[in-house]
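1. when you get a sec, could you give me coordinates for this:
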Amino acid sequence: MKITLISPDLQSTHFKFTPKEVKSFWFAKLTLPHLAALTPAGIEVRLIDEAVEPINFDEPTDFVGITVNTYLAPRAYEISAEFRKRGVPVILGGVHPSLFPEESRQHADSVAIGEAETIWEPILRDVENGRLQPIYRATEFASLQGLPLPRWDLLKQDAYLTTNTIQTTRGCPYHCDFCSVTDFFGHTYRCRPLPEVIREIETLNFKRPMVFVDDNVIGRPHYALELFNAIKSYKMRWGSQCSINLAKHSELMKAAKESGCVAMFIGIESISQENINDVHKGINHVNKYYDAIQRIHDHGISINAGMILGMDYDDESVFERTLEFLEKTRIEYATFHILTPVPGTVLYKRMEQEGRIIDRDWSKYNGGYTVFRPKLMSPEALEEGYYWTYRQFYSMRSIFKRIAEPGVEMFYKLALNLAYKRMIKRFPKGELPEMAKVLHTMNGEIHAMPSVNKTGLIPRTIEVTQQTMRSMGDTVDRFLKIRVRQQHALQALLVDLTGVLNGISARRLRERIAYALQKTRWDIILNFEHVQFATLKGLKSFLPPYDRRTQTTIKCLHVPSHFREYLEHFHKGLQFIEGEDET
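-> Residues are numbered from 1 along each chain as shown. Next up, the predicted model:
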């Protein structure tokens, strides 16, 4: 019997890698070589990865197996239809058929649900005996002990950057709302016996780089440390993906580098802690990002940052802020994704319940399209900003800002950045909406003064004054922090103020408000709830003159009586609202 195993790929789209790009920075997927290795002797196996070669539908075969991710489901269904026209039975397996077996069953003769190790041989026996069943379901999670060597020899060796792909663990110990890995692998994290991993590595071509295709190679730090120490003598360049927790383990980073680690894909995801909390990625702490990234870099390990745009606390300012963060931390590479509610995830279920999913074309579930209704921007603005961010990050200006440093490694980093840049050139240009510039300009932190003497300050309340005096002595907060959010329902910008409003900070706040008045006709709501102290000059000068703001309504929220009497005296046309009026 002859069987054909297929990994589908995108067709006519700017997201499809060219053969040159695959050879420049992509590695062979492990699924097909692993399935081929699980196939009993005596069965001829042909592997086809559509990313590197076309499918010849007329080539004789007795059975076809297709591995399916959600965004490739439509293409998998097309492939299946072509073979079934020719009388060839087809089975679909992988994440998407496991989540949607009934849908997948409409496009194939059979569906495999779950991991393949325990059901693959029974499937093949049934095919040989002409009694293929409509559904095969793995009832338990596979043991990772005694796995056969993947059939890398069946791949087109020269089509990829490398075919040295190894899996040491399966699953992830964390439970992020947007990730399908945890659910598919049953909330388990399993490790292969280390001696078996080492024996597998010893069969590889040491002249080519190696990739650990684990979802989190350091999910069990002691196991990872033992692995890294065991492979030091092979002197191979390798990469993988892990959590930012890597930065907590100095010994692990040292061992990784000494064993040949050159880069890690790390899911940073968002620069907003509110977003991180919202998707339950508890291991990420935004206030520790800079230190963590520096620690990893200090050990000579490059970072490919996974960044998600369009989370529920992202407005149009997220694109410029994300770019600034990546450049400031000198992140070598980045992969951007539009937030995607992948079926099977907590995020998908939540957005389904909220009625926010607006597109169910699975081919758009690859992280490059807006298939849901964002909370703080339009779907169109999110896609435009996504393309803009990609192009800006891989511009020559940004590349040299991030990687310019002496040494051989710079040339490796430059080559990979340029390979990405070539790919990005065929993307739509992408433009930032005007509101993005407004939000980016207004948000930030203003230095109020070198030190603030309490004399002349108007306290928010007597109680706050007394508490602050006790805790801060002769000085108070030296900054005015400005956080701007869009209130779409009100067509207003909500400006949260925190800290000190004095002459210096008021002048800079006035400049930002004036810019917003020039660029938008939205109302402006100034929230004074967290203004600790203000001077008379600050209260008098934080707004542009009335004749320059007659087209916009400016409202003040949570204004203490101590402030209000001065604001009413100094400024014409102000409106005052209570908290419940905000929404």
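2. which residues of the stretch 201-350 of the chain fall in strands?
-> With DSSP state E, counting those that start in this stretch as the criterion, the stretch 201-350 of the chain has strands at 210-212, 238-242, 261-269, 302-309, 333-338.
3. among these, which comes closest to residue 444?
-> Nearest of these to residue 444, taken as Cβ to Cβ: strand 302-309 at 20.1 Å. Where C-beta positions appear, they are placed from N, C-alpha and C, glycine not excepted.
4. coming back round to it: redo the strands of the stretch 201-350 of the chain as a markdown table? Include mean neighbour count and distance to residue 225.
-> Written out in a markdown table, the entries for the strands of the stretch 201-350 of the chain read as follows (neighbours: other Cβ atoms under 10 Å; distance: least, Cβ to Cβ, whole Å):
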| stretch | mean neighbour count | distance to residue 225 |
| --- | --- | --- |
| strand 210-212 | 24 | 14 |
| strand 238-242 | 22 | 13 |
| strand 261-269 | 22 | 12 |
| strand 302-309 | 22 | 20 |
| strand 333-338 | 20 | 25 |
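5. those strands into JSON lines, with extra columns for distance to residue 135 and mean pLDDT?
-> Putting those into JSON lines (distance: least, Cβ to Cβ, whole Å; pLDDT from 0 to 100) gives the following:
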{"stretch": "strand 210-212", "distance to residue 135": "33", "mean pLDDT": "96"}
{"stretch": "strand 238-242", "distance to residue 135": "32", "mean pLDDT": "96"}
{"stretch": "strand 261-269", "distance to residue 135": "33", "mean pLDDT": "96"}
{"stretch": "strand 302-309", "distance to residue 135": "34", "mean pLDDT": "97"}
{"stretch": "strand 333-338", "distance to residue 135": "32", "mean pLDDT": "97"}
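6. now do the same contact list for the closest residue to residue 542 other than its chain neighbours.
-> Among residues not flanking residue 542 along the chain, residue 506 sits closest, at 3.9 Å (Cβ to Cβ, 6 or more residues apart in numbering). Contacts of residue 506 were listed using Cβ atoms under 8 Å, 6 or more residues apart in numbering, and they are 537, 538, 539, 540, 541, 542.
7. residue 337: which of the residues you listed is nearest?
-> residue 542 (39.0 Å).
8. you'd agree that closest one is up against residue 500?
-> No - with the criterion set as Cβ atoms under 8 Å, residue 542 and residue 500 do not qualify as a contacting pair; they are 11.6 Å apart.
9. re the thing from before, in JSON lines, list the strands of the stretch 201-350 of the chain along with distance to residue 232.
-> What follows is those, written out as JSON lines (distance: least, Cβ to Cβ, whole Å):
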{"stretch": "strand 210-212", "distance to residue 232": "13"}
{"stretch": "strand 238-242", "distance to residue 232": "11"}
{"stretch": "strand 261-269", "distance to residue 232": "11"}
{"stretch": "strand 302-309", "distance to residue 232": "19"}
{"stretch": "strand 333-338", "distance to residue 232": "25"}
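10. which one, of the ones you listed, ends up nearest to residue 387?
-> The closest approach between residue 387 and any of those, judged by Cβ to Cβ, belongs to strand 333-338 at 9.1 Å.
11. does the residue nearest to residue 542 sit in a helix, a strand or a coil?
-> When the structure is split into helix, strand and coil by DSSP: H, G, I helix; E, B strand; the rest coil, residue 506 lands in helix.
12. how far away is it from residue 162?
-> Residue 506 sits 58 Å away from residue 162 when distances are taken as Cβ to Cβ, to the nearest Å.
13. next one: residue 551
-> Distance check for residue 551 against residue 162: by Cβ to Cβ, it reads 60 Å.
14. more neighbours, the two?
-> A direct count of neighbours by other Cβ atoms under 10 Å for residue 551 and residue 162 places residue 162 higher, at 21 against 7.
15. for the more buried one, which non-adjacent residue is spatially closest?
-> Nearest to residue 162 is residue 208, by Cβ to Cβ, 6+ apart, at 4.5 Å.
16. and what of residue 381?
-> With Cβ to Cβ, 6+ apart, the residue lying closest to residue 381 is residue 433, at 4.9 Å.
17. avg pLDDT for stretch 551-567?
-> When pLDDT is averaged along stretch 551-567, the result is 89.
18. and the end-to-end length of it?
-> 20 Å (Cα to Cα, to the nearest Å).
19. next, the buried residues of that stretch.
-> The neighbour-count check on stretch 551-567 (16 or more other Cβ atoms under 10 Å) flags 552, 554, 555, 556, 557, 558, 559, 560, 563, 566, 567 as buried.
20. now do stretch 522-537
-> Of the residues in stretch 522-537, 522, 523, 524, 525, 526, 527, 528, 531, 532, 533, 534, 535 count as buried by neighbour count, 16+ other Cβ under 10 Å.
21. now it - C-alpha only, PDB.
-> Coordinates of the C-alpha atoms in stretch 522-537 are reproduced here as PDB (Å, rounded to 0.1, in the frame of the first residue of the first chain):
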ATOM      1  CA  TRP A 522     -14.300  64.700  19.800                       C
ATOM      2  CA  ASP A 523     -15.100  66.000  23.300                       C
ATOM      3  CA  ILE A 524     -12.400  65.800  25.900                       C
ATOM      4  CA  ILE A 525     -13.100  64.600  29.400                       C
ATOM      5  CA  LEU A 526     -10.500  65.300  32.000                       C
ATOM      6  CA  ASN A 527     -10.500  63.000  35.000                       C
ATOM      7  CA  PHE A 528      -9.100  64.700  38.100                       C
ATOM      8  CA  GLU A 529      -9.700  61.800  40.500                       C
ATOM      9  CA  HIS A 530      -6.000  61.000  40.900                       C
ATOM     10  CA  VAL A 531      -4.500  64.500  40.800                       C
ATOM     11  CA  GLN A 532      -2.800  64.700  44.100                       C
ATOM     12  CA  PHE A 533      -1.800  68.300  44.200                       C
ATOM     13  CA  ALA A 534      -2.300  71.400  42.000                       C
ATOM     14  CA  THR A 535      -1.000  75.000  42.100                       C
ATOM     15  CA  LEU A 536      -3.100  78.000  41.100                       C
ATOM     16  CA  LYS A 537      -0.900  78.400  38.100                       C
END
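22. many thanks, have a good one.
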